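Any chance you can model this:
(2 chains)
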Protein chains: 2
Amino acid sequence: MKVYGYFRSSASYRLRIALNLKGLTAEQSFIHLRKREQTAPDYLAVNPMGLVPSLVEGDRTLTQSLAIIEYLEETHPDPALLPRDPLDRAWVRSIAQAIACDIHPINNLRVLNHLRDQLGLDEGARNAWYAHWVAEGFRGVEAMLSASPRPGVFCFGETPTLADVCLVPQVMNAERLNCPLDDYPTIRRVAAAARALPAFQAAEPDRQPDAE
Amino acid sequence: MKVYGYFRSSASYRLRIALNLKGLTAEQSFIHLRKREQTAPDYLAVNPMGLVPSLVEGDRTLTQSLAIIEYLEETHPDPALLPRDPLDRAWVRSIAQAIACDIHPINNLRVLNHLRDQLGLDEGARNAWYAHWVAEGFRGVEAMLSASPRPGVFCFGETPTLADVCLVPQVMNAERLNCPLDDYPTIRRVAAAARALPAFQAAEPDRQPDAE
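Numbers count the residues shown, from 1 in each chain, chains lettered A, B, ... in the order given. You can find the predicted model right below:
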């Protein structure tokens, strides 16, 4: 397997955590998003969306972090990142998607660049935009986590799931942008527990070969 | 089963298509997004993210359209909305997520309202924002669909999948906002084929009881 990623991309970070949790290794290739390497024809041939991560498996290329992680879950089911019961699986996926659909895409680098370059927003206004969507999303995620169908150390029970895989990168990004997290005690507690695990630690942006 | 939705919500529309394809019926409850009913305490108790759709199954409530549809796929597998092979499943999911993560959330009603109310964008500027992210996303989706691992009538082969379920609402919304679609012949062909199916037709926004 070969993975294309970027140290600071939340979506790449999710995939790194999932690979580590499953004990999988992949050759790494780095796409520097701030240098816009994702828009180079060579990379668009790999991932036409111009986003990271991508995973190459034989002659097939997979894109979208959650689709790739579901693929890993189906092909390397142990340890499981989704529970067995369909209702529980749906709940774990809903936390993952609350982050991956309803917080992260509105705040990712290309949107922030567009706000700067097309709408002329200065850094303060861009940070306010970021903080707004984090607050909007985390308020909901906090309420969902505090009513987890299986309360425990992590989002769902005593082992990390796809929900934790998505939560930790979003929390770390929110911290990096100085978003206040006081109102989200369950998010902070769960993220701290997950970040203490070696699989999460080894996936941290600053520990990647392309970190700056 | 009970579903909370809104006629014009793309995410609700996806769920309506999936229920129809699987021959499932659900009691319907309508949350009027333009009247901000999604922020009422009663509805936040159902879905703390303040979004539609939500699906109530017994004493459990499921949120996030893709998580709900995966739940339906697991509990009502026939007809299948995902292929069998893990690589193919990942490809179908990646099309669905390219739309559900990388186009729709940046353009949904709450973001457009924020651009109007907080950043003062007029209708023309909001429509330009919408068209930009549709073009950005559809360029990638078109390239992916034109290299489908199983080319056919639909996104993947000869039966509709989760990819078509997500594609059609996004195409209809793009049309409603007058986004040019000339550059995306595969998207237009596939969406037209899917929209000819009764399951897709019955799910169209204008045919819903809460349509205006």
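
any idea how far chain B is from the residue sitting furthest away from the middle of chain A?
Here the centre of chain A is the reference, and by C-alpha atoms, centre = their mean the most remote residue is residue A:120, at 27.6 Å. Applying C-beta to the nearest C-beta, to the nearest Å, the value for residue A:120 to chain B is 10 Å. C-beta here means a position set from N, CA and C on the backbone, and glycine is covered the same way.

Next: residue A:28.
Relative to chain B, residue A:28 is positioned 19 Å away (C-beta to the nearest C-beta).

is it true that that residue touches residue A:7?
No. Residue A:28 is beyond contact range of residue A:7, at 10.2 Å (criterion: C-beta atoms under 8 Å).

Report the mean per-residue pLDDT for the longest helix that chain A contains.
Counting residues, the longest helix in chain A under DSSP state H turns out to be helix A:123-146. Averaging pLDDT along helix A:123-146 gives 97.

What helices and strands are in contact with that helix?
Under the contact criterion of 3 or more C-beta pairs under 8 Å, 6 or more residues apart in numbering or on different chains; DSSP states H and E, helix A:123-146 touches helix A:86-100, helix A:104-107, helix A:109-117, helix A:162-176, helix A:185-195.

10 Å - rerun?
For helix A:123-146, the packing partners by 3 or more C-beta pairs under 10 Å, 6 or more residues apart in numbering or on different chains; DSSP states H and E come out as helix A:86-100, helix A:104-107, helix A:109-117, helix A:162-176, helix A:185-195, helix B:41-46, strand B:60-63, helix B:109-117.

want to try JSON lines for these, with mean neighbour count, mean pLDDT and distance to residue A:59 as columns?
Formatted as JSON lines, those follow (neighbours: other C-beta atoms under 10 Å in any protein chain shown; pLDDT from 0 to 100; distance: least, C-beta to C-beta, whole Å):
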{"stretch": "helix A:86-100", "mean neighbour count": "25", "mean pLDDT": "98", "distance to residue A:59": "27"}
{"stretch": "helix A:104-107", "mean neighbour count": "24", "mean pLDDT": "97", "distance to residue A:59": "29"}
{"stretch": "helix A:109-117", "mean neighbour count": "16", "mean pLDDT": "96", "distance to residue A:59": "29"}
{"stretch": "helix A:162-176", "mean neighbour count": "24", "mean pLDDT": "97", "distance to residue A:59": "27"}
{"stretch": "helix A:185-195", "mean neighbour count": "18", "mean pLDDT": "98", "distance to residue A:59": "35"}
{"stretch": "helix B:41-46", "mean neighbour count": "13", "mean pLDDT": "96", "distance to residue A:59": "45"}
{"stretch": "strand B:60-63", "mean neighbour count": "22", "mean pLDDT": "98", "distance to residue A:59": "36"}
{"stretch": "helix B:109-117", "mean neighbour count": "16", "mean pLDDT": "96", "distance to residue A:59": "38"}
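
Okay, buried residues for the longest helix of chain A please.
Going by neighbour count (16 or more other C-beta atoms under 10 Å in any protein chain shown), the buried part of helix A:123-146 is A:126, A:129-131, A:133-145.

Dump it to CSV, keeping only the CA atoms.
Taking Å, rounded to 0.1, in the frame of the first residue of the first chain, the C-alpha atoms of helix A:123-146 are listed here in CSV:
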residue,chain,number,x,y,z
GLU,A,123,-6.6,36.5,9.4
GLY,A,124,-8.8,37.6,12.3
ALA,A,125,-12.0,37.1,10.2
ARG,A,126,-10.8,33.8,8.9
ASN,A,127,-10.1,32.6,12.5
ALA,A,128,-13.6,33.8,13.5
TRP,A,129,-15.0,31.7,10.6
TYR,A,130,-13.1,28.7,11.8
ALA,A,131,-14.1,29.1,15.4
HIS,A,132,-17.7,29.6,14.5
TRP,A,133,-18.0,26.2,12.7
VAL,A,134,-16.0,24.4,15.4
ALA,A,135,-18.4,25.8,18.0
GLU,A,136,-21.5,25.0,15.9
GLY,A,137,-20.3,21.4,15.4
PHE,A,138,-18.7,20.7,18.8
ARG,A,139,-21.9,21.8,20.6
GLY,A,140,-23.7,19.0,18.8
VAL,A,141,-21.0,16.4,19.1
GLU,A,142,-20.7,17.1,22.8
ALA,A,143,-24.4,16.5,23.3
MET,A,144,-24.2,13.3,21.3
LEU,A,145,-21.1,12.0,23.1
SER,A,146,-22.6,12.8,26.5
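
starting at the chain centroid, how far to that helix?
15 Å (C-alpha atoms, centre = their mean, to the nearest Å).

quick one: that helix to helix B:109-117, angle?
150 degrees (axes from the mean of the first three to the mean of the last three C-alpha atoms, to 10 degrees).

Also compute the angle for helix A:123-146 relative to helix A:86-100, please.
Computed by the same axes, to 10 degrees, the angle separating helix A:123-146 from helix A:86-100 equals 170 degrees.
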